[in-house]
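Visitor: structure of the sequence below:
(one chain, ligands or ions: 1)
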Amino acid sequence: MSRLGPVICVVGARPNFMKMAPILRAMAAHSPPLPVLLVHTGQHYDKNMSDRLFEDLRLPRPDVNLEVGSGSHAIQTAEVMRRFEPIVDAHKPSCVVVVGDVNSTLACSLVAVKKGVPVVHIEAGLRSYDRAMPEEINRILTDQISDRLYTTERTAQDNLAREGIPGERVCFVGNVMIDSVVFGRANAPSANSTLQTHQIESQFLSHPAGYGVVTLHRPSNVDDADTLRALLGVLAEVAASLPLVFALHPRTRSNIDRFGVTDLIDPARMLLLPPQGYLDMLGLMAGATVVLTDSGGLQEETTALGVPCLTLRENTERPITVEQGTNILVGRDRAAILAAIQDILGGHGKHGRVPEYWDGHAAERIAADLYPWLTQRSVSLA
Ligand code: UD1
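Guide: Presented below is the predicted three-dimensional model:
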């Protein structure tokens, strides 16, 4: 192993951090440890979207920050590629490890594969079969150019097989996202203490139905004024029987202001918070009566926590959360959302079970597989 270059681990946007933290720990704990270089592309850069999560997840400071910031998809992807290439040239990595489906994932994979550096994709094979989602394009292309693909659920293997990816490249290890849930649960503050730090009026803490947690950030839900207005209208109806805590992504925050739809938010029933740290969010979700979201990660985290989840999308790339977990796809269908809320408030919420290998040890399985895979490659290339 000593002749191998470092494993370059790439993070860029918020949902990458909770996936990479357990991987770095597992690589350090492996015997022998895998040498790592942590690269942050800077796709997300706000304190709340980035630094705070590094602290909560005990991620080490990145060795390199490419500081690409925001931009159109083309500009952001191109900027990551342009700035990542010299890092690969300088460090001669044994492989590049990417997670998830954000623009940074695809950009760094493309740079690596064209330089003959193996690409390792964690959370491979998830498909929404909705190519209008930028993440779906990132998933398909990253998987096509990956040399080792680690999956979180068994349906992912079928998706990859359909796209012609040889089965021997694919390894089912479980879900690193849940490794972070297991790690974070011990340290997450209670929902009450999180809400008290925001000086929330007591009705949010003492309402007999509890409270719901909301997150929305998908362009398909928040970038169109009519769509966002309609969704906020339904949330206002939900909030009439269940107070809602809404953790606002910067994209959503700015669109609410831009579209002039703040009048739909009654602060006595719907509390707007900035993006939450990882541990505060975990505490809020764990204490919630229901989570309403369009996030991929929250669908998985609620399944692991056993909290009912209503996904405000027509599809999911994480079908196991519906088949086995607590997730229900409700889209933007007002009647479906209100009926599901009534079920939950009536004590008939969906009970799920925790899927196979969502046990807190996925990253260890990855390190245990990756080390021999890399050493074997280096021997055969020598
Ligand atoms: C990205 C990912 C998405 C993921 C989401 C989690 C892609 C294609 N999308 O979407 O899969 O679910 O992250 O948040 O990679 N902004 C800030 N501060 C920041 C970062 C962004 O204010 O630290 C604002 C900017 O106005 C920016 C906008 O948010 O233009 C969108 O950021 P961007 O990184 O393009 O995509 P996300 O919507 O965050």
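Visitor: all helices for the stretch 151-300 of the chain, in order.
Guide: 154-162, 176-185, 191-197, 202-206, 219-222, 225-241, 250-258, 278-286, 296-305 (DSSP state H, counting those that start in this stretch).
Visitor: count the residues that sit near the nearest residue to residue 255 once chain neighbours are set aside.
Guide: Excluding the flanking residues, the one nearest residue 255 by Cβ to Cβ, 6 or more residues apart in numbering is residue 222, at 5.1 Å. From N, CA and C alone the C-beta is placed, and that goes for glycine too. Neighbourhood size, residue 222 [other Cβ atoms under 10 Å]: 23.
Visitor: can you check the one 10 residues further on too?
Guide: Other residues within reach of residue 232 by the criterion other Cβ under 10 Å amount to 22.
Visitor: how near is it to the ligand?
Guide: Using Cβ to the nearest ligand atom, to the nearest Å, residue 232 is found at 18 Å from the ligand.
Visitor: please report the distance of the residue nearest to residue 255 from the ligand.
Guide: 9 Å.
Visitor: so residue 39 is in contact with residue 84, correct?
Guide: Yes - between residue 39 and residue 84 there is a contact at 7.0 Å, judged by Cβ atoms under 8 Å.
Visitor: shared neighbours, the two?
Guide: Both residue 39 and residue 84 are contacted by 10, 66, 108, under the criterion Cβ atoms under 8 Å, 6 or more residues apart in numbering.
Visitor: how far away is residue 350 from the ligand?
Guide: In this structure, residue 350 and the ligand are 23 Å apart, going by Cβ to the nearest ligand atom.
Visitor: excluding sequence neighbours, find me the nearest residue to that residue.
Guide: Nearest residue to residue 350, sequence neighbours excluded (Cβ to Cβ, 6+ apart): residue 326, at 5.1 Å.
Visitor: can you pull the pLDDT of the one you found?
Guide: The model reports residue 326 with a pLDDT of 98.
Visitor: residues in contact with it?
Guide: 302, 303, 306, 307, 308, 309, 349, 350, 351, 352.
Visitor: distance check, the first one against residue 190.
Guide: With the distance defined as Cβ to Cβ, to the nearest Å, residue 302 ends up 17 Å from residue 190.
Visitor: go through stretch 368-380 and flag the buried ones.
Guide: By neighbour count on 16 or more other Cβ atoms under 10 Å, the buried set for stretch 368-380 is 370, 371, 373, 374, 377.
Visitor: how does this protein divide into domains?
Guide: What automatic domain parsing lists as the domains of the chain is 7-174+358-381, 189-345.
Visitor: where among these is average confidence lowest?
Guide: Mean pLDDT is lowest for domain 189-345 out of those, coming in at a mean of 93.
Visitor: distance of residue 274 from the ligand?
Guide: 11 Å.
Visitor: what's the burial count for the nearest residue to that residue once chain neighbours are set aside?
Guide: Distances taken as Cβ to Cβ, 6+ apart place residue 48 nearest to residue 274, at 5.4 Å, with adjacent residues excluded. Using other Cβ under 10 Å, residue 48 has 18 neighbouring residues.
Visitor: with residue 78 instead?
Guide: Count around residue 78 with other Cβ under 10 Å applied: 15.
Visitor: ok, now how distant is it from residue 45?
Guide: Note on residue 78: its distance to residue 45, by Cβ to Cβ, is 17 Å.
Visitor: residue numbers of the stretch 1-150 of the chain in contact with the ligand?
Guide: Contacts of the stretch 1-150 of the chain with the ligand, taken as Cβ under 6 Å from any ligand atom, map to 13-15, 43-46, 49-50, 70, 101-103, 134-135.
Visitor: these in strands, which ones?
Guide: Among those, no member falls in strands (DSSP state E).
Visitor: what score does the residue lying closest to residue 92 once chain neighbours are set aside have for pLDDT?
Guide: Distance criterion Cβ to Cβ, 6+ apart; nearest residue to residue 92, sequence neighbours excluded, is residue 5 at 4.3 Å. If you check residue 5, the pLDDT there is 94.
Visitor: list the contacts of residue 5.
Guide: Shown in contact with residue 5 (Cβ under 8 Å, 6+ apart): 35, 91, 92, 93, 94.
Visitor: ok, now residue 284?
Guide: Counting by Cβ under 8 Å, 6+ apart, residue 284 touches 191, 194, 195, 213, 245, 247, 276.
Visitor: at 7 Å instead, please
Guide: Taking Cβ atoms under 7 Å, 6 or more residues apart in numbering, we find residue 284 in contact with 191, 194, 213, 245, 276.
Visitor: was I right to think the last one contacts residue 247?
Guide: Yes - the pair residue 276 and residue 247 passes the contact test of Cβ atoms under 7 Å, sitting 4.8 Å apart.
Visitor: which residues are common contacts for these two?
Guide: Residues within reach of residue 276 and of residue 247 at once, by Cβ under 7 Å, 6+ apart: there are none.
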